[in-house]
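Novice: need a 3D model of the sequence below.
(one chain, ligands or ions: 1)
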Amino acid sequence: MDMTNCSAVFFAIALVFITTVITMVSRRARRMRVDPACNRLPPPPAVTGTSSIVLLHTLLKKGFRAMIHEQYTKLGSVFTISFFGQKTTFLIGPEVSAHFYQGLESEISHGKTLEMTVPMFGKEVIFGVDIATRMEQNRFCLDALKPSRLRCHVGPMFQEVEEYFEKWEQQGTIDLKQELEQLLTLISARCLLGKEVREKMFDEVFSAFRQLSDNSLHLTSFFFPYAPFPSSWRRDKAHAKLKNIFAEIEDVLQSLIDSKYKDGRPTTEAEVTGLIMVILFAGKHTSSASSTWTGARLLSHPQCLEAAIKEQQEILKKYKGEIDYNTLLDMSVLHRCIKEALRMHPPAPTFFRKVHKNFTVRTREGHEFEIPRGHTILSPLVINNNIPYIYKDPGVYDPDRFGPGREEDKVGGKFSYTAFGGGRHACPGEAYAYMQVKVIWSHLLRNFELQLVSPFPETDWLKIALEPKERVMVRYKRHPPCGLYTEN
Ligand SMILES: *[C@@H]1O[C@H](CO)[C@@H](O)[C@H](O)[C@H]1NC(C)=O
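Specialist: Alright, predicted model coming up:
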């Protein structure tokens, strides 16, 4: 049995489990609501016994987004479901999301919700350590990705991109998903791990890295990170191998190695290797899905594609063919095309936190609820970034919604757009991600005529990162050597 089948089976078992628990919980919730004696705020509405069967059906048939959307339509922006006996409350829309993103660590935290990352990256980093240490490690990563350092990455990124596409024929058909994944692996190796790794140990590092990713990203690893599946063994082996390789390299991410905690303690070898895996994982995996979705969307919307190409021509004129960090910042049309692709295809379906202290939320309609400690709370990006009163026709790919005069995400208020999270735990790699996706698409738009020849890809809901499920076949044809840029 291969991993896909394996996950499907466990997924099904998990669902049966969920349904049973939901039925039990909703019975109890109904009893609780008829308590007239106290004047505390009510708990959020809960899914009832019969609808939980519908819920299961929708999840299996249509995926996570459709399931949550159905409950949102029925119950409103705050409601509770239960997973494995854990009460899980969904918070939908910016009105009820502030505490989720900004709450103090003592009141609301990641808790054990991301336990799956511990065997992936090691117990010395991120979710394996206490919050104070984690915040400091986060700072090390931020330092490694700050603008002054990003500037230096643009040149090597373009070099990797040019070398890669140089190898394409004059014309042909490729799987965009596979191509961009390979390219981003090369870029990550070069920019995040340094020249030495990129040149000498590329194959070794990335076959182990692929093992680590492939065996960590199924829903089963999310629910059962330590279960004795073959995938867990493969993951642990890959982790050990990467750890050995990274430990032997001297100049890998020197800034991480040189980082010091506030008390002066230097980072240990296990911490540095763990953090490298985190950055590499975050930097490569999410961006390869995002750049593929951006491409699939652009190539399905001729007007957007045309606008993006036109911008490239103008940029080349304006900067006389020189592309650097500032040039990339000036590509606002392309920026919006990526941002809109991320709105519709975020890197993860939802964020998680654990509640340590009761808190209240007030919905847009003015209903107030108390969310008790012990609940897991979810901020589902796949719904939050598609709310019709914030985003006009949310199902339509419309990059101009972020343009001057509309700026729907700003008008919608803080936490209307959460593809990179927000508040306390906002993604430190946002600028880096935009940069590398822009470098790739800027090059493709300037040098090739592209056409999507397979149907628009569906989302793989069985993966934690929302990748395109099928291959994304694209026919390309190289422009004449002078390209679009003609000095006149
Ligand atoms: C938190 O909420 C729970 C459930 O509604 C309630 O039983 C408990 O008393 C609350 N705790 C505080 C400190 O208000």
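Novice: and the residue in the stretch 1-150 of the chain positioned nearest to the ligand, which of the three is it?
Specialist: Across the stretch 1-150 of the chain, the shortest distance to the ligand (CB to the nearest ligand atom) belongs to P43, at 5.7 Å. Glycine gets a C-beta too; all of them are placed from N, C-alpha and C. For P43, the assignment made with DSSP: H, G, I helix; E, B strand; the rest coil gives coil.
Novice: what about it, how many neighbours?
Specialist: If you count neighbours by other CB atoms under 10 Å, P43 ends up with 20.
Novice: that one and F369 touch, don't they?
Specialist: Yes: with contact defined as CB atoms under 8 Å, P43 reaches F369; the gap is 6.3 Å.
Novice: helix or strand for the nearest residue to G412 once chain neighbours are set aside, which one?
Specialist: Leaving aside its chain neighbours, G412 sits nearest to I390 (3.7 Å; criterion: CB to CB, 6 or more residues apart in numbering). I390 is located outside every helix and strand, with elements delineated by DSSP states H and E.
Novice: S231 too?
Specialist: In this assignment (DSSP H and E), S231 forms part of helix 230-248.
Novice: by contact count, what packs against that helix?
Specialist: On a contact count with 3 or more CB pairs under 8 Å, 6 or more residues apart in numbering; DSSP states H and E, helix 230-248 meets helix 117-121, helix 202-214, helix 219-223, helix 269-300.
Novice: wait, which of those helices is closest to the ligand?
Specialist: Closest among those, using CB to the nearest ligand atom: helix 219-223, at 25.7 Å.
Novice: give the rounded mean pLDDT of that closest one.
Specialist: The pLDDT scores in helix 219-223 average 68.
Novice: what is the least confident helix or strand in this structure?
Specialist: Lowest on mean pLDDT, DSSP states H and E among the helices and strands of the chain sits helix 3-33, with a mean of 40.
Novice: what's the next secondary structure element after that helix?
Specialist: Using DSSP H and E, the helix or strand that directly follows helix 3-33 along the chain is helix 49-62.
Novice: and the next helix or strand after that next one, how far out from the chain's middle?
Specialist: Scanning forward in sequence from helix 49-62 by DSSP H and E, the next helix or strand is helix 64-75. The chain centre lies 21 Å from the centre of helix 64-75; the measure is CA atoms, centre = their mean, to the nearest Å.
Novice: alpha carbons of the next helix or strand after helix 64-75, as CSV, please.
Specialist: Toward the C-terminus, helix 64-75 is succeeded by strand 78-83 as the next helix or strand (DSSP H and E). The C-alpha atoms that make up strand 78-83 are tabulated as CSV, following Å, rounded to 0.1, in the frame of the first residue of the first chain:
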residue,chain,number,x,y,z
VAL,A,78,-18.1,31.5,15.3
PHE,A,79,-18.9,27.8,15.9
THR,A,80,-17.5,24.7,17.6
ILE,A,81,-16.8,21.3,16.1
SER,A,82,-14.9,18.5,17.8
PHE,A,83,-11.8,16.6,16.6
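Novice: contacts for the helix or strand following strand 78-83, please.
Specialist: Next helix or strand after strand 78-83 toward the C-terminus (DSSP H and E): strand 86-91. Identification of contacts with strand 86-91 by CB atoms under 8 Å, 6 or more residues apart in numbering yields 25, 44, 68, 71-72, 77-82, 97, 100, 355, 361, 371, 374-380.
Novice: and the residues you listed, which are buried?
Specialist: Neighbour-count burial (16 or more other CB atoms under 10 Å) applied to the contacts of strand 86-91 gives 25, 44, 68, 71-72, 77-82, 97, 100, 355, 361, 371, 375-380.
Novice: show me what from the chain comes close to the ligand.
Specialist: Within the chain, the positions lying close to the ligand (CB under 6 Å from any ligand atom) are 43, 358, 370, 372-373.
Novice: most neighbours among the residues you listed, which one is it?
Specialist: When neighbours are taken as other CB under 10 Å, the top entry among the residues of the chain next to the ligand is P43 (20 neighbours).
Novice: so M331 touches I315, yeah?
Specialist: Yes: using CB under 8 Å, M331 is in contact with I315, at 6.2 Å.
Novice: so what sits against both of these two?
Specialist: S442.
Novice: residues near D324, how many?
Specialist: 12.
Novice: residues touching it, list them.
Specialist: Neighbouring residues of D324 by CB under 8 Å, 6+ apart: 151, 154-155.
Novice: in helices, which of those residues fall?
Specialist: Using DSSP state H, the members of the contacts of D324 that fall within helices are 151, 154-155.
Novice: now, of those, which are buried?
Specialist: When neighbours are counted using 16+ other CB under 10 Å, the ones in helices among the contacts of D324 contain these buried positions: V154.
Novice: which single one of the ones in helices among the contacts of D324 is nearest to the ligand?
Specialist: Proximity of those to the ligand, judged by CB to the nearest ligand atom, is greatest for R151, which lies at 49.2 Å.
Novice: ok, that closest one touching Y325?
Specialist: Yes: if you go by CB under 8 Å, R151 and Y325 touch, sitting 4.5 Å apart.
Novice: tell me how many other residues surround L298.
Specialist: 27.
Novice: same question but for L59, I mixed them up
Specialist: When counting by other CB under 10 Å, one arrives at 20 neighbours for L59.
Novice: right, and it touches M67 too?
Specialist: Yes: if you go by CB under 8 Å, L59 and M67 touch, sitting 4.4 Å apart.
Novice: sorry, back to before: in CSV, list the residues of the chain next to the ligand along with secondary structure, pLDDT and distance to P399.
Specialist: Listed next are these as CSV, based on DSSP: H, G, I helix; E, B strand; the rest coil; pLDDT from 0 to 100; distance: CB to CB, whole Å:
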residue, secondary structure, pLDDT, distance to P399
P43, coil, 93, 40
N358, coil, 96, 41
E370, strand, 97, 40
P372, coil, 94, 41
R373, coil, 94, 41
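Novice: could you work out the most separated pair of those residues?
Specialist: The largest separation in the residues of the chain next to the ligand, counting by CB to CB, is between P43 and R373 at 12.0 Å.
Novice: please report the distance of the most centrally placed residue in the chain from E458.
Specialist: Nearest residue to the geometric centre of the chain (CA atoms, centre = their mean): P347, 2.4 Å. The spacing between P347 and E458, counted by CB to CB, to the nearest Å, is 17 Å.
Novice: apart from its chain neighbours, what residue comes closest to the residue of the stretch 201-350 of the chain found nearest the ligand?
Specialist: Across the stretch 201-350 of the chain, the shortest distance to the ligand (CB to the nearest ligand atom) belongs to T350, at 23.2 Å. With sequence-adjacent residues excluded and distances taken as CB to CB, 6+ apart, T350 is closest to P380, at 4.1 Å.
Novice: one more: T286?
Specialist: Distances taken as CB to CB, 6+ apart place P347 nearest to T286, at 3.9 Å, with adjacent residues excluded.
Novice: repeat that for F448.
Specialist: In space, F448 is closest to Y476, 4.7 Å off (CB to CB, 6+ apart).
Novice: same check, this time on I108
Specialist: The shortest distance from I108 to any residue other than its chain neighbours is 5.1 Å, reached at R353 (CB to CB, 6+ apart).
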